[in-house]
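**Q** Build me a structure from this.
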Amino acid sequence: MIQLIKFNLLIIVFLIIAFQSGMAQTAHSLLRKGDEKYKRENYVTSEEYYRKALEKENSSSENAKYNLGNAIYQQKRYDDAIRAYEKTLSTTKSDDLKARTFYNLGNAHFQKKDYTKSIDAYKNALRINPNDDLAKYNLAQALRMQKQEEQKQNSSQQQQQQDSEEEQQENEQQNQQQQDQKEGESQQQQNQNEQTPNKNNQEQQLTREEAEQLLKIMEQEEKQVQEKLRKGSSKPPKSSKDW
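**A** Presented below is the predicted three-dimensional model:
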């Protein structure tokens, strides 16, 4: 009985080992097929094989994660590639794989024109592998592009500031013109108001002069009448008419 139990246990252990071996071979086979498709530049199919390899429970191949990122990168899906590279970096302990992953991560950020993150990734790659000439070259390219972008931004900001100042000056000129126009109209109205009383005074003054002239004329006429009366009283009266 005891021997039968031991025999059954051996069978179970053998099956477990065989199952794990089969799973590992299947994941490895899928990884190899993905590599073959990748070499033929069939990146869509290679991505499918890499994903299937990673779905296996016992699959912890760092190369599969890294190659998956490469297959996605070749399809120009840079955001997805960045996530794949970051997963690789979060699990791998291989310095060589870290250096290569940082390098490709820098390339993905570069393609997105995120030069700051691209520079950081290249620097990390060079910290691990200072002799990586490609990382040095791409780092120089990223630094150059970052400088150009900063110059464009500064130029754009200066242009916007200049346009804003010109617009402000135009508004100030328009406001000044409107203010001058209002002041001119106000001054003109004030002048008219000042001229009106003078005109009225002039009319009143002319009326007074005319009145004085009339009085003088009346006085002269009165004198003439009095003079005639005096002369008439000294003459003899005219004779009566005969019948």
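**Q** mind showing which ranges of the chain have poor pLDDT?
**A** 1-25, 57-60, 188-208, 211, 225, 228-243 (pLDDT under 70).
**Q** let's go with 50 and repeat that
**A** Where the chain drops to pLDDT under 50, the residues are 2-24, 196-204, 233-243.
**Q** tell me the domain boundaries of it?
**A** For the chain, the domain assignment from automatic domain parsing gives the residue ranges 23-80, 93-147.
**Q** quick one, which of those domains is nearest to residue 179?
**A** Closest approach to residue 179 among those (CB to CB): domain 93-147, 47.2 Å. Where C-beta positions appear, they are placed from N, C-alpha and C, glycine not excepted.
**Q** for this protein, which helix is longest?
**A** Looking only at the chain and at elements set by DSSP state H, the helix with the highest residue count is helix 133-234.
**Q** before we move on, the earlier item: now render the domains of the chain as TSV, adding distance to residue 153.
**A** Shown next, in TSV, are those (distance: least, CB to CB, whole Å):
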stretch	distance to residue 153
domain 23-80	22
domain 93-147	11
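**Q** closest to residue 164 out of those?
**A** Residue 164 lies closest to domain 93-147 among those, at 25.7 Å (CB to CB).
**Q** Span of that closest one from start to end?
**A** Domain 93-147 stretches 34 Å from its first residue to its last (CA to CA, to the nearest Å).
**Q** any idea how far residue 121 lies from residue 178?
**A** 58 Å (CB to CB, to the nearest Å).
**Q** So these two - more neighbours on which side?
**A** A count of neighbours by other CB atoms under 10 Å puts residue 121 above the other of residue 121 and residue 178, at 28 against 10.
**Q** What is the helix or strand that that one is a member of packed up against?
**A** In the assignment (DSSP states H and E), residue 121 maps to helix 115-128. Judged by 3 or more CB pairs under 8 Å, 6 or more residues apart in numbering; DSSP states H and E, the packing partners of helix 115-128 are helix 95-111, helix 133-234.
**Q** tell me what the longest one is packed against?
**A** Meaning helix 133-234. On a contact count with 3+ CB pairs under 8 Å, 6+ apart, helix 133-234 meets helix 95-111, helix 115-128.
**Q** export those to TSV and tack on distance to residue 172?
**A** TSV is the format used below for the helices and strands packed on helix 133-234 (distance: least, CB to CB, whole Å):
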stretch	distance to residue 172
helix 95-111	46
helix 115-128	40
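**Q** These: which one's closest to residue 165?
**A** Comparing the helices and strands packed on helix 133-234 by CB to CB, helix 115-128 comes nearest, at 30.5 Å.
**Q** buried set for the closest one?
**A** By 16 or more other CB atoms under 10 Å, the buried positions in helix 115-128 come out as 115, 117-122, 124-126, 128.
**Q** what residues does stretch 140-157 touch?
**A** For stretch 140-157, the external contacting residues (CB atoms under 8 Å, 6 or more residues apart in numbering) are 106, 110, 113, 115-116, 118-119, 122.
**Q** No further questions, thank you.
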